[in-house]
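J.: just need the structure, nothing else, for what follows:
(chains A, B, C, D, E and F)
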4 protein chains.
Amino acid sequence: MKKKQKIIKEAIRLFAERGFDATTTLKIAEVSHVTEPLIFYHFKNKDGLFTEAIECIFFEYFSRLESLAVKTESEFENLENLIHMHFDYVAEMPNESYLLTSVRPARLRDFESVCIRNREEQRNRLNTFIAGCLKRGIQKKEFWNVPVEPTVRLFISSLIGLMRQEILSLSDRETDHERIISELKEIAVMYCRRSLVKD
Amino acid sequence: MKKKQKIIKEAIRLFAERGFDATTTLKIAEVSHVTEPLIFYHFKNKDGLFTEAIECIFFEYFSRLESLAVKTESEFENLENLIHMHFDYVAEMPNESYLLTSVRPARLRDFESVCIRNREEQRNRLNTFIAGCLKRGIQKKEFWNVPVEPTVRLFISSLIGLMRQEILSLSDRETDHERIISELKEIAVMYCRRSLVKD
Amino acid sequence: MKKKQKIIKEAIRLFAERGFDATTTLKIAEVSHVTEPLIFYHFKNKDGLFTEAIECIFFEYFSRLESLAVKTESEFENLENLIHMHFDYVAEMPNESYLLTSVRPARLRDFESVCIRNREEQRNRLNTFIAGCLKRGIQKKEFWNVPVEPTVRLFISSLIGLMRQEILSLSDRETDHERIISELKEIAVMYCRRSLVKD
Amino acid sequence: MKKKQKIIKEAIRLFAERGFDATTTLKIAEVSHVTEPLIFYHFKNKDGLFTEAIECIFFEYFSRLESLAVKTESEFENLENLIHMHFDYVAEMPNESYLLTSVRPARLRDFESVCIRNREEQRNRLNTFIAGCLKRGIQKKEFWNVPVEPTVRLFISSLIGLMRQEILSLSDRETDHERIISELKEIAVMYCRRSLVKD
DNA sequence: CATGAATGAGCGTTCATTCAT
DNA sequence: AATGAATGAACGCTCATTCAT
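T.: This is a model prediction of the structure:
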């Protein structure tokens, strides 16, 4: 039981660091301190291991999304929290973030069912969250009367672009990483406010 | 000579469609209608082929960046053109875009030299372009007095987030792709104006 | 105890259907509704299971041979009964027949001890039975004065050739299987009579 | 070119001696004095190698069948030659004979197309040959008026039973093998004559 | 009796790369 | 410039078998 979790954990790290194809099952076994066949005892095959890993990642991510308590007084604060959550997520779990934001983290025989399905779920949840904020904010006159649907799309695209930037900055071990990302977060929130909030 | 170009072209397609590791030199040879050893005659090895392919892609991309004629009357129009250029680039060359925006399109023995180097070059060029627009715009009172450096970072991150979105929408063969992307482009330009331009 | 018999029964089916090497102990466990280690509790190893299976098969076969009541009035009738018994045996137990007539049903570490030993026993018993009939028949002037030893060999060879034919026809699910085999049996008996019996 | 033939030759030997599953591609490579991947260069996979091997075997066998010159004066002599040919074939090519007469020499993904197809072809050719002899012999009053179809079946079954016997005797390294097989051949011819030929 | 977890050994297959021509 | 033949290295995966419980 313990070992299965360990395998998943190490697999995520290796898949993120080297990519699916460049990660051998033997290497995963080594760093997990188990023998190779144990991987195939716990998972159907390499694709199956990857699938479970992706499910784990999205499960954790969705938990974080759900636990974003929705404030009622200020809709903008909700969006701000959403932005913060994503920056924090990348900082805490860079490998998971990388796989989460990857367009094609692996090419599986049955690719659709894992990555695409979860990505759609992610889009739906983000959609619901952001569109909700926008609509309520517009109704409460907190926000300008912006077109909801395209604004949501733009918001999501930018959010993921920002995550990508944070991941890159982390993996390139950029000097001043902390400061830059912190500034980036601030400015993102600032432009969000400026674009949506009346005064 | 013709054949070498053909190899690079097909390699780009396959690398984008299936990833570096999942693309065999044999497959590249087949779809290029050459024999496998010819690839090794023209390129040092698979990594070398990939390197040349990446160089080609960035060369074309940098050409497009350079050919963005810089208007002097309106700085906002320059930024607008930059946004349009990137949307057009994805639409015209989806495979190239995918490799261009990929965080780690391949894990080469000497990875730094090609992907990271070009990505830095790209960041520098975008930086120069956007920072120039912002500074001149601020000076000319066309723009608000925004902090230049973080704004540039946010701009670039969002731009690449938008490209990613367009690529995804293409590869998922989303219904209404045309309309959605067109709307996304418009709204991106709109928020850009709203955030920067004084009324 | 019940389970051990079940394992042997299913093992025979699988060994016959797919061959020894292509039959995994896991598969045997599954179709027997037991877990894999139980097989190794009941049998020393896979070879041991196969050995017991073969012993079972020959035990049943030898029982049938022994229970062929020997008529004294007509020696030919005894041979006829022998032929019928073999046709019936194939029809009733095709998997067992297949393993019984297989030249090399498995390559065990200690192959001799089970397949070859039983095959020799089989040859000896058939030899005794047939040679006895022939000698008595010749003495009683029921049969022509044929050379006993070679005739026995020919008889056995043909008999097994006929079994093989019946097995093949069964496994190929030949249309008209029933009719063809029935005709084959008749004609075999007919030629046997014609060759041996004095008008 | 030379090497491909060598691989097939050695593969036939090993497949016959140990069975398909127990014969590893590495072992085939070793005894053929080539490296393992060369096998996969010349053949699609292990099944493909087996398939070509079987085709070779039947090709040679069919050649021998065809080159049986058909005498016109005596139909019995034709049948006698057929029997001799099969005995000789086993003596010369025991491994090939074993695979040829095996009910299921391997369990391939696409099993039908090789073994069953060739076996049907074999049955058809033998059928044509033997039925032709019988019919002409009956017409010429050389033979008794036996029922052709079932007689042919019996003939074929016995023939293969005899081959099996010769193979077994060879592989068991029976003492007196030569004499026994020689006697078996004689007696087979004798009973054939006695059963068919008038006088 | 029974089982979940675990493994050593090995197998079929792939692939980038080389070499003689 | 071009290719058919060949290979070292490694990979995903399987399987009989064991062991602690």
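
J.: which single residue in chain A comes nearest to chain D?
T.: Nearest residue of chain A to chain D: residue A:109, at 17.5 Å (CB to the nearest CB). For glycine as for every other residue, the C-beta is placed from the backbone atoms N, C-alpha and C.

J.: the residue of chain A found nearest chain B is in what secondary structure piece?
T.: Of all residues in chain A, residue A:161 sits closest to chain B, at 2.2 Å by CB to the nearest CB. Using DSSP states H and E, residue A:161 sits within helix A:148-171.

J.: what about residue A:90, neighbour count?
T.: Neighbour count for residue A:90, taken as other CB atoms under 10 Å in any protein chain shown: 23.

J.: for chain C, see how far away it is.
T.: 43 Å (CB to the nearest CB, to the nearest Å).

J.: about what we covered before: the residue lying closest to the residue of chain A closest to chain B once chain neighbours are set aside: neighbour count?
T.: Counting by CB to CB, 6 or more residues apart in numbering or on different chains, residue A:161 lies nearest to residue B:161, which is 2.2 Å off, once chain neighbours are set aside. Counted with other CB under 10 Å, the neighbours of residue B:161 add up to 25.

J.: again with residue A:91
T.: Neighbours of residue A:91 (other CB under 10 Å): 15.

J.: residue A:4 - nearest residue in space that isn't next to it in sequence?
T.: In this structure, residue A:4 finds its nearest non-sequential neighbour in residue A:42, 4.7 Å apart by CB to CB, 6+ apart.

J.: and that neighbour, backbone torsions?
T.: Phi and psi for residue A:42, reported as degrees, to the nearest 10, are phi -90, psi -30.

J.: with residue A:108 instead?
T.: Note on residue A:108: its backbone torsions stand at phi -100, psi 160 [degrees, to the nearest 10].

J.: same check on residue A:197?
T.: When read as degrees, to the nearest 10, the backbone of residue A:197 gives phi -80, psi 130.

J.: that older thread, residues contacting the residue of chain A closest to chain B?
T.: Residue A:161 makes contact with B:157-162, B:164 under the criterion CB atoms under 8 Å, 6 or more residues apart in numbering or on different chains.

J.: how does it look with 10 Å?
T.: Taking CB atoms under 10 Å, 6 or more residues apart in numbering or on different chains, we find residue A:161 in contact with A:101, A:188, B:101, B:154-165.

J.: for chain A, give me the ranges with low pLDDT.
T.: Where chain A drops to pLDDT under 70, the residues are A:1, A:111-112.

J.: apply 80 and report the result again.
T.: A:1, A:69-72, A:109-113, A:199 (pLDDT under 80).

J.: quick one, what contacts residue A:110?
T.: Taking CB under 10 Å, 6+ apart, we find residue A:110 in contact with A:47-48, A:51.

J.: ok, and the most crowded of those residues?
T.: residue A:51 (20 neighbours).

J.: excluding chain neighbours, what is closest to residue A:15?
T.: Spatial nearest neighbour of residue A:15, chain neighbours left out: residue A:23 (5.5 Å); criterion: CB to CB, 6+ apart.

J.: try residue A:196
T.: Closest to residue A:196 by CB to CB, 6+ apart is residue A:143, at 4.7 Å.

J.: next up, phi/psi of the one you found, please.
T.: phi -110, psi 160.

J.: run through the bridge partners of it.
T.: Taking DSSP bridges as the rule, residue A:143 bridges to residue A:197.

J.: and for it, the neighbour number?
T.: Using other CB under 10 Å, the number of residues around residue A:143 comes to 23.
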